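Asks: fold the stuff below for me.
(one chain, ligands or ions: 2)
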Amino acid sequence: MIDIEFETLQALGLSPLIASRAAQLGAHEPTSRLARVIESQRDCFTVHDGHAERLARALPRLVQQLQAGAQALTIGDWVSVQTDAHEQAWIADRVDPVTQIARRANDGRRQPLASNVDTALLVMGLDADFNARRMERYIAMVTACGVTPVVVLTKRDISPDAQARIAEMSGRLPPTVPVLPVNGLSPETCADLDAWMRPGQTLVVLGSSGVGKSTLINTLAGAAQATGGVRMGDGRGRHTTTARSLHRTALGACIIDTPGLRTFRPDADARTLASSFDDIQSLATHCRFRDCHHEGEPGCAVVAHVDPDRLDNYKKLMRDAQRGELTALERIALRGKWKAIGKAGSQRARDKRS
Ligand SMILES: Nc1nc2c(ncn2[C@@H]2O[C@H](COP(=O)(O)OP(=O)(O)OP(=O)(O)O)[C@@H](O)[C@H]2O)c(=O)[nH]1
Ligand SMILES: [Zn+2]
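Replies: Ligands and ions are numbered 1, 2, ... in the order given. Model prediction:
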């Protein structure tokens, strides 16, 4: 069995659930240690075992095993690391993640963004970046992964439309989703986020490029230096967001930085995605017709109470997700059908002209 120093590793986000899963990993080697992936490059990882960080590669056996399950190692994963005779560190096993945020790449492949995350800080600027629809999609994506969404609206100090935009966002989201307007540069932001930053917690920061993700992390982690905490992921004291990295914060939580993320295709089915629109779903039970499409039917409770743009966004997300659930063959058949319809249409147009 692998040796686990719970207290030491809790500072890196180890929870009792992950520790019990890790305890079931076979220790192939006496040198095996539990560690967390705190930075991921292309095929090399920085892992931290609570004492020191080091570079490690994954054993080809593990890479193949993960690939077979459409998985890959990613930042936040807990792994067992062994050292060979040349002092090279190898990742031999991975603990099944408790949560994982993933998206679908354009080619349909599953792309994990971060593992073992409790809370996602969904960062959006109150300036030109502001887009409530995109925020709803972020919320659906992380909720579907079992991660708690917290909306962080940055640049409240410099945006003339801040008040109206804060009201718009809080007005259309269900009250279960916290909306926090902040000035990411101000240390007061730490207090606003206090509730999600307890020791053992892991947060991920998601949002478009330039919205203030790094600024927020610097503010949250910066205080760590004052209290003697360790800042990880970047030994040079300068922050770059070309790769993902995990940082410790003053309050004991870990926080994962990601490069700007504008578009994503959620990796979840329609029903799972719908869970972040439970306001719509519970209102739908009050519609007069059981199969109401909320498109102007009489006695529709949804249209009467939900922001119309939010409802549109919900419908679009459901359509996208259902499309995503089609198998490759079904997609080809569907494309063939549309092509045939298009051809028939242009033939009709030609017939008309001649
Ligand atoms: N006034 C003000 N400026 C902010 C705030 N948040 C971020 N900024 C500024 O916005 C710019 C972009 O912030 P970053 O933290 O680099 O943005 P990012 O999201 O990490 O960007 P990427 O690394 O490209 O993904 C910087 O000049 C910050 O100083 C805020 O709340 N108020
Ligand atoms: Zn209805």
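Asks: so Leu153, which state does it fall into?
Replies: strand (DSSP: H, G, I helix; E, B strand; the rest coil).
Asks: what are the ranges of the helices in the protein?
Replies: Per DSSP state H, the chain carries helices over the ranges 6-10, 16-23, 60-68, 132-144, 162-172, 188-193, 213-226, 270-274, 278-284, 301-305, 308-325, 328-353.
Asks: ranges for the strands of the stretch 51-200 of the chain?
Replies: Secondary structure of the stretch 51-200 of the chain (DSSP state E, counting those that start in this stretch): strands at 53-58, 78-83, 89-94, 100-104, 110-115, 119-125, 148-154, 179-181.
Asks: which helices and strands does the third one pack with?
Replies: Looking back up the chat, that one is strand 89-94. strand 45-48, strand 53-58, helix 60-68, strand 78-83 (3 or more C-beta pairs under 8 Å, 6 or more residues apart in numbering; DSSP states H and E). Every C-beta, even on glycine, is put in place using the N, C-alpha and C of the backbone.
Asks: likewise the fifth one?
Replies: The criterion is 3+ C-beta pairs under 8 Å, 6+ apart, and the helices and strands that strand 110-115 contacts are strand 100-104, strand 202-206.
Asks: where among the ones you listed is the average confidence lowest?
Replies: Ranked by mean pLDDT, the helices and strands packed on strand 110-115 end with strand 100-104 at the bottom, a mean of 86.
Asks: what strands flank that one, and is each parallel or antiparallel?
Replies: In the sheet, strand 100-104 lines up against strand 110-115 (antiparallel), strand 265-266 (antiparallel) (DSSP bridges).
Asks: so which bits of this structure are right by ligand 2?
Replies: Cys287, Cys292, His294, Cys300, Val302 (C-beta under 5 Å from the ion).
Asks: which of those ranks first by neighbour count?
Replies: The most crowded member of these, judged by other C-beta atoms under 10 Å, is Val302 (22 neighbours).
Asks: for the closest residue to it other than its chain neighbours, what are its contacts?
Replies: Leaving aside its sequence neighbours, Val302 sits nearest to His294 (C-beta to C-beta, 6 or more residues apart in numbering; 4.1 Å). Listed by C-beta atoms under 8 Å, 6 or more residues apart in numbering, the contact partners of His294 are Ile280, Ala284, Cys287, Cys300, Val302, Val303, Leu311.
Asks: cool, and Val123?
Replies: Val152, Thr154, Val205, Leu206, Gly207, Val211, Gly212, Lys213, Leu216.
Asks: out of the residues you listed, which touch ligand 1?
Replies: Near ligand 1, taking C-beta under 6 Å from any ligand atom as the test, the members of those found are Thr154, Gly207, Val211, Gly212, Lys213.
Asks: looking at these, spot the one nearest Ser20.
Replies: Set against Ser20, the nearest of these by C-beta to C-beta is Lys213 (32.4 Å).
Asks: quick one: which of the contacts of Val123 is nearest Pro259?
Replies: Lys213 (8.8 Å).
Asks: okay, the closest one: pLDDT?
Replies: 90.
Asks: which residue packs closest to it, ignoring adjacent ones?
Replies: In space, Lys213 is closest to Val205, 4.6 Å off (C-beta to C-beta, 6+ apart).
Asks: just the buried ones from the ones next to ligand 1 among the contacts of Val123?
Replies: Thr154, Gly207, Val211, Gly212, Lys213 (16 or more other C-beta atoms under 10 Å).
Asks: distance to Gly171 for the residues you listed - can I get that in JSON lines?
Replies: Output for these, formatted as JSON lines (distance: C-beta to C-beta, whole Å):
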{"residue": "Thr154", "distance to Gly171": "19"}
{"residue": "Gly207", "distance to Gly171": "21"}
{"residue": "Val211", "distance to Gly171": "21"}
{"residue": "Gly212", "distance to Gly171": "23"}
{"residue": "Lys213", "distance to Gly171": "25"}
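Asks: hmm, back to that, just the strands of the stretch 51-200 of the chain: most buried one?
Replies: The highest mean neighbour count among the strands of the stretch 51-200 of the chain, using mean count of other C-beta atoms under 10 Å, belongs to strand 119-125: a mean of 25.
Asks: contacts only, for the residue of the stretch 1-150 of the chain found nearest ligand 2.
Replies: Closest approach between the stretch 1-150 of the chain and ligand 2, counting by C-beta to the ion: Glu136, at 18.7 Å. Contact analysis of Glu136 by C-beta under 8 Å, 6+ apart lists Arg172, Leu173, Ser276, Phe277, Arg310, Asn313, Tyr314, Leu317.
Asks: what separates it from Asp127, distance-wise?
Replies: According to C-beta to C-beta, to the nearest Å, Glu136 stands 19 Å off from Asp127.
Asks: for the residue most central in space within the chain, give the beta-bridge partners.
Replies: Residue closest to the mean C-alpha point of the chain, counted by C-alpha atoms, centre = their mean, is Ile101 at 4.2 Å. Beta bridges link Ile101 to Ala114, judged by DSSP bridges.
Asks: ok, it - contacts?
Replies: By C-beta under 8 Å, 6+ apart, the contact set of Ile101 is Pro112, Leu113, Ala114, Ser115, Val117, Ala120, Met141, Val142, Cys145, Val147, Val204, Leu206.
Asks: what about it, distance to Val142?
Replies: Ile101 sits 6 Å away from Val142, going by C-beta to C-beta.
Asks: so what sits against both of the two?
Replies: What both Ile101 and Val142 touch, as defined by C-beta under 8 Å, 6+ apart, is the set Ala120, Leu206.
Asks: show me the domain layout of this protein.
Replies: The chain breaks down by automatic domain parsing into domains covering 6-94, 100-257, 269-344.
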